[in-house]
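[1] Below: sequence and its predicted model.
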Amino acid sequence: MKLVTAVIKPYQLDAVKEALHALGVTGLTVSEVQGYGRQKGHTEVYRGAEYTVEFLPKIKVEVVTDEIDVDKIVDAVVTSARTGKIGDGKVWVTAVEEVVRVRTGERGLDAL
Amino acid sequence: MKLVTAVIKPYQLDAVKEALHALGVTGLTVSEVQGYGRQKGHTEVYRGAEYTVEFLPKIKVEVVTDEIDVDKIVDAVVTSARTGKIGDGKVWVTAVEEVVRVRTGERGLDAL
Amino acid sequence: MKLVTAVIKPYQLDAVKEALHALGVTGLTVSEVQGYGRQKGHTEVYRGAEYTVEFLPKIKVEVVTDEIDVDKIVDAVVTSARTGKIGDGKVWVTAVEEVVRVRTGERGLDAL
Amino acid sequence: MHVDTGNTAWLLLSSALVLLMTPGLALFYGGLNRSKGTLNMMMMSFSCIGLISVLWALYGWTLAFGTNSSTGFNKILGSFTQYLGTGTSWIGEEWKVAGTGTGIPTYVVMAFQMMFAIITVALISGSLSDRLKFGGWVLFAIGWFTIVYVPVAHWIWGGGWIGANLGALDFAGGTAVHINAGSAALGVALVLGKRIGWPRENMRPHNVPFVALGAGLLWFGWFGFNAGSELTADTVASAAFVNTQLATAAALCGWCAVEWIRDGKPTLVGASSGAVAGLVAITPACGFIPPLASILLGIVAGAVCALAVSLKYRFGFDDSLDVVGVHFVGGWIGSLWIGLFATSGVNAVVTHKSLFFGGSLDQLWRQFVASASVTVYSFAIAAILALILKAVKVLRVSEDAEVGGIDISDHGETAYDFQPVAGSSGGAFAIAGIGGTKADADGKADASQKVAG
Amino acid sequence: MHVDTGNTAWLLLSSALVLLMTPGLALFYGGLNRSKGTLNMMMMSFSCIGLISVLWALYGWTLAFGTNSSTGFNKILGSFTQYLGTGTSWIGEEWKVAGTGTGIPTYVVMAFQMMFAIITVALISGSLSDRLKFGGWVLFAIGWFTIVYVPVAHWIWGGGWIGANLGALDFAGGTAVHINAGSAALGVALVLGKRIGWPRENMRPHNVPFVALGAGLLWFGWFGFNAGSELTADTVASAAFVNTQLATAAALCGWCAVEWIRDGKPTLVGASSGAVAGLVAITPACGFIPPLASILLGIVAGAVCALAVSLKYRFGFDDSLDVVGVHFVGGWIGSLWIGLFATSGVNAVVTHKSLFFGGSLDQLWRQFVASASVTVYSFAIAAILALILKAVKVLRVSEDAEVGGIDISDHGETAYDFQPVAGSSGGAFAIAGIGGTKADADGKADASQKVAG
Amino acid sequence: MHVDTGNTAWLLLSSALVLLMTPGLALFYGGLNRSKGTLNMMMMSFSCIGLISVLWALYGWTLAFGTNSSTGFNKILGSFTQYLGTGTSWIGEEWKVAGTGTGIPTYVVMAFQMMFAIITVALISGSLSDRLKFGGWVLFAIGWFTIVYVPVAHWIWGGGWIGANLGALDFAGGTAVHINAGSAALGVALVLGKRIGWPRENMRPHNVPFVALGAGLLWFGWFGFNAGSELTADTVASAAFVNTQLATAAALCGWCAVEWIRDGKPTLVGASSGAVAGLVAITPACGFIPPLASILLGIVAGAVCALAVSLKYRFGFDDSLDVVGVHFVGGWIGSLWIGLFATSGVNAVVTHKSLFFGGSLDQLWRQFVASASVTVYSFAIAAILALILKAVKVLRVSEDAEVGGIDISDHGETAYDFQPVAGSSGGAFAIAGIGGTKADADGKADASQKVAG
Ligand SMILES: Nc1ncnc2c1ncn2[C@@H]1O[C@H](COP(=O)(O)OP(=O)(O)O)[C@@H](O)[C@H]1O
Ligand SMILES: Nc1ncnc2c1ncn2[C@@H]1O[C@H](COP(=O)(O)OP(=O)(O)O)[C@@H](O)[C@H]1O
Ligand SMILES: Nc1ncnc2c1ncn2[C@@H]1O[C@H](COP(=O)(O)OP(=O)(O)O)[C@@H](O)[C@H]1O
């Protein structure tokens, strides 16, 4: 099995979720992160002092999946998360050795 | 070494922490995530408009551990996090190539 | 490619970011986590009831990188995140099988 | 004539109470809004306090409440000179209180009315959240205040045609304030268009305790608004006070009842909204109707407004925080209520007969004409002003700015920077100083060092 | 007799101030609560403003403050008809102010007392957080108001046996409000049981600035509560004002001193709680005792209440936000203080001798009997009402609802939706619209499009 | 002489309004601060309410406003005995109101002035955030109140040399309150040193809606501060009220205008700060100058203070929340403005000629001398007190405490424990009870069980 991790723009989450849903992905886990990269942050002003905010809000999506589906999933994420502007994010894949569903104790593909 | 990642119901964190403690696990890292899966969200009402909240709050627990202990740890997490109701979460295991303790620079098992 | 994950003290983030920058790392993703380990939490008092806070705020930094740079990066993080006091955190390395830049669809090292 | 200290104290207090309503409104609207536009929403209210106060003193007061020497034109607009620029010549002048041998310093009456002008303009902002350029707002506020609020206030309270000729009643501003602002809010919102994502996305209130506290401050301040409008501390002021409390309480219950029946759950946003709907509805009527009629008014206003806020989904206009559903609808209900239940038993100034205390439509049609006139006038001018702003491209922010948040794009600040994490010694991001570093720190400052944590 | 404008202005203002206390209480309680039950906690207060206002006007006022023609029964309950339904017949009636030739419109006195009834019921909710069905609360509030508050107010202030026969004193509500509510809070909490996880888990305040702001608003409003209870703006009102300030300030210091000595750290929750404890304790005594006795009262009340809030851990009852430890205990201290320090030098209505200004137990035992009677009566009826609600299964929410949060289960809303992240251009989740999508959006609405961010 | 109920009601109200300002200030400062020191910041204000109230009653009032029998020494300090310990002997005493045959209970005047003393001390705390030991603050507050505030209040208002001999004017506290506190804030901040990381890191406001609400409450309360300072509800009070509103509104605009021109964006923090700057600047002048001069004053004060808050970056002193830039600078501007625009047309007590209403420097130099004297005296004593505290090691917290947050180190509590997550049924961390478990739960308590979620 594989873990697909995607760091995307927040506004694209809905599209990504729907694209994955269309592929039959039934579960995923998301979290709030802050990204630092080519995309530039903005400036805030407080009582005359200007501050540069370098980190930008991003959403991290994690999906554990069958090896066979990995490419489709990565493609779906990349396509649905794309706006074409800088800062669209990254997707990476790592190997997962075991998965367990807590409720039932099922393992492997059955756990997904 | 391995990294055990568990996505669990928030209310179970205490039990999981204690189960791991009983196994001699001395450290872990947790974060707030939002889960999407079989478990259904709830509905909120604002001035007559109803909204379905699809994502549910979960806790992600990460433990880096010795290879030998992995099975015990996975079992302990699964058992202690279980409520038997849908949405109890997942546990997965990935391979870790190196660990370092920042304070001392110790590597491998010594770093845990 | 590799994924370097570091759990560090919040106050050290700036130093780590600069150390990585100096190495030519152009992107990273950070998130808020809570750590449990040797470092002890503090006590809070509410209307005469004392509460022990066991989890401590930490920052998790994730960097996907070329295999060749891993050691330099781990060293840079460990050095810049160190305060020498307990609770400085951990750094671990896992293998990444594929990376894609969402904006362009570039893969592998080009995606970084 | 001498200054009555009790009445003066009451009106000074009432003025302060009405001033407090605008920060209360800012909190109410700010809490109802999504967090990324909270500050802009609050700034629209705060900028009114700043701008309108000064404009009122400079020319608003004399145009609205001064007496125009041309009797005919005085039905349309007040004096151009009497109180212009708030000269000191009338610093000792007293405003005669009808039916007493005493007066109140004219300055206090001017201040009291100033606070009404401020909040009326601020009310409009609720339909415009997250997408109106702040510069556009400022221009709109100045324009609408000048062309709409000032003459309408004159028509109703300053000796103009609605009060003096038509004989419509408006104790504390159902027509002058709420119908007026609500109608303008609709006009601008239609020109401005919907927020991106509306209504598919959940643009729910980001801070409900703020909504409730805002409603609480509004309620508190509204006693000055309503009971203060009698200008004196007498039995009519007392009746206005009691009616305000009863209608508001009943409207809170009415709104929650609709929610409980329809959705199975009464909400705090609903209770707060119901209270505001009740306050709005009782405003024109509070000094003219008996308490039981006020309770009934409250129930009706609460229930009807609870239903009315859904209309925007049906008709597809994005009245973001429901200014139309609450202020426009509530204002109309209250205005017509006078035609149904006004009685000289409560207030001797009631001279025409109402439906239930006289069996006549005599007062009712006057209320209708007054309300309809203000509705049309305010809507039209507001929409025209918005179209002009659109033409000169100061109306709507860019899509990027709207998605990223108008607080950043138009104000360069964000509402919060704090701790998500329970029981932490300060959130990790905050300790890390992830909120940014000073862009223009000079060399000397840079020398300051961080210590290891 | 004529209306004195100064006194009327003062009582109108005081009524508005006391009304503000309930939103202030909602904030105080809401901030002390865990965030998942904040809105429910605030709704318990807001629903009281809605319900009790109307019930007070309909039958509460006449039963509590009307005069029953049967002299004997008048010791128990007021008139069934005199002010029923707030008829307009008495709209011009004036409430005679003892010792002056002037009056205040009866409507204002009715409104002032209405605000007392509201907050007394709301106070009870503090012990019931996170687990009482909202429907159960509404039924309880109506029942307890009718069977307990109305008669007790009559006994103490309306011509009933405690004030008229026993001769116990209660200037602004130590017995009628705080002992009464505190005792009821204990009764219901015992029947209701503990929150899941209590006391093992840290159910700490989720928003301490709200707690402090709530305390600040309570303090501000309490000047109306206490100094307003004199009904006139005279020297006794002035003494009540000064005593209120001094006792509250001293209690703030007293509570913090206990914390500093015991825990090594004074807290803002403690300072806020101490202030409330001081306000509670001075309430019955503020118009009867001299300033130095007030300072002493404050120190004692602050310190004792700081210790008293720990009792729940010892006895194992979950008085969630310490209504018993603060209002019940504080109310008792203040009530007995009258027996120790009341003097006719401050207020001529003091006729029995106190311990320190007369060396007699004459006033003290009267205070004790009054306080004990109300304690027992209120506790018993409250517990019985709770048992009835339990029997018909509208008392406690399900375990799932309690763990998930009563805000969701009973109100379908959550308190906050905002940005954890420092310096972000709006939080990622909020931008993502993860807060949910509209369930019932019609087709037309769905057509609206998102744009790329 | 008899008590005038209208004036008494007005001063009772004004006292309550001024009390409310300190919780308002706590919110304003608390919101401007980083979240990890919010509670400490608010505690500095709340502790003043507790401490200074009691000390004022015990000895402050008699030393500041009592009359010293030695005429010479009376220029320096008031009576040691007249009102000592707030004896009951003067409970019926009336404070004669000049120009009327009536009085106000002396107790009310004492209470009114008490509130001024409280907030003046609290104002200082804004420059000291996140790093001053709370114990050190308490000692400083007591010391500065006693050695600086009490005599300065006497000099200006109590019959001392500034008011009686120099003839400088200060209607409501520009010199006595704002210059005084601002100068002290600078003195202590210099001794205390900068926050770790300042100015490199962004120590931006953590809760901007709190800042705005705090400013709103300050504005509301300030009507009591300024218009109340006339003691009576008359035409001068009315002028003071109007001037307060106009200058504040204009200053809000002025500050925002500077931001808009300089940074391209007006902010809500700026609008709130501008309002406070306007309130500060109009304070000394509000009862002496005409409305147009007030508008001008507001614009100048808003713009100048907006620029002045940047000075700390240039000079490298960490006046954390800009007490110097707003209160010190604003106080000076307002004080000098009297010398420019005071006129007996507004207030008969103006006897010396101002520059624009008399073409003379007669009033201006008096204002300068008064302001400079208080600046020097307050700065010197404050710095000396801070040096003493430093010497005995109760001044600054440890580096670890500062980085981790003074709320934890000095108060053992954190401001918030709530939900970052949008639309969740309560945040995961909070549901998990990650906020800690009760440390001292006894066995019985531990038996309570969690249920599965
Ligand atoms: N090497 C990396 N490791 C981990 N996350 C990265 C890395 N580089 C970029 N990211 C994440 O991807 C986001 C987008 O990257 P950025 O360089 O701004 O734009 P783009 O991906 O379009 O080139 C960043 O905000 C960060 O969260
Ligand atoms: N394929 C997946 N990848 C990552 N996380 C998942 C996946 N499927 C489920 N999850 C996580 O597990 C949680 C529980 O899953 P759910 O399907 O609701 O119930 P159950 O695990 O009991 O079948 C989800 O909320 C989500 O956080
Ligand atoms: N086995 C582990 N797996 C994952 N995270 C860990 C583990 N052990 C420690 N951590 C993380 O590292 C942080 C620091 O660990 P701690 O034991 O307190 O100090 P140190 O690393 O200096 O020995 C912890 O707060 C936790 O977030």
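    Nice, thanks for sending it over. Ligands and ions are numbered 1, 2, ... in the order given.

[2] For the rest of this, base every contact and every neighbour count on C-alpha atoms.
    Noted.

[3] out of everything not next to it in sequence, what's closest to D:Ser320?
    D:Ser127 (4.6 Å; Cα to Cα, 6 or more residues apart in numbering or on different chains).

[4] neighbours around that neighbour, how many?
    28 (other Cα atoms under 10 Å in any protein chain shown).

[5] That one and ligand 3: what is the separation?
    Noted for D:Ser127: a distance of 46 Å to ligand 3, by Cα to the nearest ligand atom, to the nearest Å.

[6] Hmm, D:Ala185 and that residue touching each other?
    Yes: contact criterion Cα atoms under 8 Å: D:Ser127 and D:Ala185 qualify, at 5.7 Å.

[7] Now the common contact residues for those two.
    Common contact partners of D:Ser127 and D:Ala185 (Cα atoms under 8 Å, 6 or more residues apart in numbering or on different chains): D:Asp319, D:Val323, D:Val324.

[8] and those residues, which of them are in helices?
    Among the shared contacts of D:Ser127 and D:Ala185, the members falling in helices are D:Val323 (criterion: DSSP state H).

[9] Return the members of the shared contacts of D:Ser127 and D:Ala185 classed as buried.
    Listed as buried from the shared contacts of D:Ser127 and D:Ala185 are D:Asp319, D:Val323, D:Val324; burial here means 16 or more other Cα atoms under 10 Å in any protein chain shown.

[10] Report the contact partners of the residue nearest to D:Ser320.
    Contacts of D:Ser127 (Cα under 8 Å, 6+ apart): D:Ala185, D:Leu186, D:Ala189, D:Asp318, D:Asp319, D:Ser320, D:Leu321, D:Asp322, D:Val323, D:Val324.

[11] can you tell me how far the residue in the stretch 1-150 of chain D that ligand 1 sits nearest to sits from D:Arg195?
    Nearest residue of the stretch 1-150 of chain D to ligand 1: D:Lys36, at 19.6 Å (Cα to the nearest ligand atom). D:Lys36 is 13 Å from D:Arg195, where distance means Cα to Cα, to the nearest Å.

[12] circling back: hmm, D:Asp407 and the residue of the stretch 1-150 of chain D closest to ligand 1 touching each other?
    Yes: using Cα under 8 Å, D:Lys36 is in contact with D:Asp407, at 6.1 Å.

[13] Could you name every residue contacting both of the two?
    Joint contacts of D:Lys36 and D:Asp407 (Cα under 8 Å, 6+ apart) are D:Thr414, D:Ala415.

[14] Count the neighbours of D:Ser129 for me.
    Quick note: D:Ser129 (other Cα under 10 Å) scores 26 neighbours.

[15] next one: D:Ala181
    34.

[16] what pLDDT does the closest residue to it other than its chain neighbours get?
    Leaving aside its chain neighbours, D:Ala181 sits nearest to D:Ile124 (5.3 Å; criterion: Cα to Cα, 6+ apart). We note a pLDDT of 98 for D:Ile124 in this prediction.

[17] same deal with A:Leu112?
    88.

[18] what do you get for D:Gly85?
    For D:Gly85, pLDDT reads 73.

[19] wait, doesn't it sit right on D:Tyr59?
    Yes: D:Gly85 is in contact with D:Tyr59 according to Cα under 8 Å; the separation is 6.2 Å.

[20] what about D:Lys36 and D:Arg195, which has more around it?
    Neighbour totals were compared for D:Lys36 and D:Arg195, and D:Lys36 leads with 29 against 24 (other Cα under 10 Å).

[21] does stretch A:80-87 come close to chain E?
    Yes: shown here: stretch A:80-87 in contact with chain E (Cα under 8 Å from any Cα of the partner chain) through A:Thr83.

[22] contacting residues around that stretch?
    Here stretch A:80-87 has contacts from A:8-9, A:12-13, A:15-16, A:19, A:37-39, A:88, C:102-104, E:452-453, using Cα under 8 Å, 6+ apart.

[23] In strands, which of the residues you listed fall?
    A:Ile8 (DSSP state E).

[24] which of the contacts of stretch A:80-87 tops the neighbour count?
    Of the contacts of stretch A:80-87, with other Cα under 10 Å as the count, C:Val102 tops at 29 neighbours.

[25] For the residue nearest to that residue when sequence neighbours are not counted, give me its contacts.
    Spatial nearest neighbour of C:Val102, excluding adjacent residues (Cα to Cα, 6+ apart): A:Val78 at 4.9 Å. Residues near A:Val78 by Cα under 8 Å, 6+ apart: A:Val91, C:Val100, C:Arg101, C:Val102, C:Arg103, C:Gly105.

[26] cool, D:Trp255 as well?
    D:Gly270, D:Ala271, D:Ser273, D:Gly274, D:Ile299, D:Gly302, D:Ala303, D:Val304, D:Cys305, D:Ala306.

[27] quick one: which of those residues is nearest chain F?
    D:Gly270 (17.7 Å; Cα to the nearest Cα).

[28] count of residues packed around that closest one?
    28.

[29] The lowest-mean-pLDDT helix or strand in chain A close to chain E?
    In chain A, no helix or strand scores lower on mean pLDDT, DSSP states H and E than strand A:49-53, which sits at a mean of 79. Yes: where contact is defined by Cα under 8 Å from any Cα, part of strand A:49-53 touches chain E, namely A:Val53.

[30] before we move on, what about stretch D:41-59?
    No: under the criterion of Cα under 8 Å from any Cα, stretch D:41-59 makes no contact with chain E; the nearest approach is 14.8 Å.

[31] avg pLDDT for that stretch?
    97.

[32] Could you do stretch D:161-179 as well?
    Here the average pLDDT along stretch D:161-179 is 97.

[33] Pull up the distance across that stretch, start to finish.
    Termini of stretch D:161-179 sit 17 Å apart (Cα to Cα).

[34] who touches that stretch?
    D:75-76, D:116, D:120, D:149, D:152-153, D:155-157, D:225-226, D:229-230, D:280-288, D:327-332, D:334-335, D:338, D:363, D:366-367, D:370-371, D:374-375.

[35] quick one: buried residues of it?
    D:161-163, D:166-179.

[36] Filter those residues down to the ones in strands?
    Reading strands off those, I find no matches (DSSP E).

[37] tell me the secondary structure for D:Leu364?
    Following DSSP: H, G, I helix; E, B strand; the rest coil, we place D:Leu364 in the helix state.

[38] Overlap of the contact sets of D:Lys36 and D:Arg195?
    Counting by Cα under 8 Å, 6+ apart, the residues touching both D:Lys36 and D:Arg195 are D:Asp130.

[39] what about stretch D:271-281 and chain E, any contact?
    Yes: for a cut-off given as Cα under 8 Å from any Cα, stretch D:271-281 has contacts with chain E, namely D:Ala271.

[40] as a whole number, average confidence for that stretch?
    98.

[41] for that stretch, the distance to its chain's centre please.
    12 Å (Cα atoms, centre = their mean, to the nearest Å).

[42] Return the alpha-carbon coordinates of that stretch using CSV.
    The C-alpha trace of stretch D:271-281 is given here as CSV (Å, rounded to 0.1, in the frame of the first residue of the first chain):
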residue,chain,number,x,y,z
ALA,D,271,-32.1,34.3,19.6
SER,D,272,-29.8,37.2,19.0
SER,D,273,-31.3,37.9,15.6
GLY,D,274,-34.8,37.7,17.0
ALA,D,275,-33.9,40.2,19.6
VAL,D,276,-32.6,42.6,17.0
ALA,D,277,-35.7,42.0,14.9
GLY,D,278,-37.9,42.9,17.9
LEU,D,279,-35.9,46.0,18.6
VAL,D,280,-36.3,47.1,15.0
ALA,D,281,-40.0,46.5,14.9
